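Enquirer: quick one, structure for this:
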Amino acid sequence: MAETQVMGSEKGSEESSEKILALLRTEPQLPARVLAERLGISSRALEKQLAKLREQGRLRRIGPAKGGHWQVMP
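Expert: Below is the predicted model of the structure:
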């Protein structure tokens, strides 16, 4: 059963990642707090997802934390 939970959370993580990228494609200046609210996840969970996407080279932050924007990589 534990293996099923891990696989389920990985799938959920992938789905969250795709939702994050889709939202940021349309609204690149969306604040992280608002993004977390729209996805229905905690700020911490969002931070982990953003870090993972950045490590994978799928997402990049342009500019400062306040006033910058996200760039979704092709």
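Enquirer: the residue nearest to residue 57 when sequence neighbours are not counted: neighbouring residues, count only.
Expert: Among residues not flanking residue 57 along the chain, residue 73 sits closest, at 5.9 Å (CB to CB, 6 or more residues apart in numbering). Where C-beta positions appear, they are placed from N, C-alpha and C, glycine not excepted. Applying other CB atoms under 10 Å, we find 11 residues neighbouring residue 73.
Enquirer: show the pLDDT at residue 73.
Expert: Per-residue pLDDT puts residue 73 at 95.
Enquirer: how far away is it from residue 22?
Expert: As judged by CB to CB, to the nearest Å, residue 73 and residue 22 stand 14 Å apart.
Enquirer: again with residue 39
Expert: Distance from residue 39 to residue 22, by CB to CB: 10 Å.
Enquirer: show me the shaky parts of the chain.
Expert: Along the chain, segments meeting pLDDT under 70 span 1-10.
Enquirer: residue 25 contacts residue 74, doesn't it?
Expert: No - contact criterion CB atoms under 8 Å: residue 25 and residue 74 do not qualify, at 10.5 Å.
Enquirer: who's more crowded, the two?
Expert: residue 25 (11 against 4).
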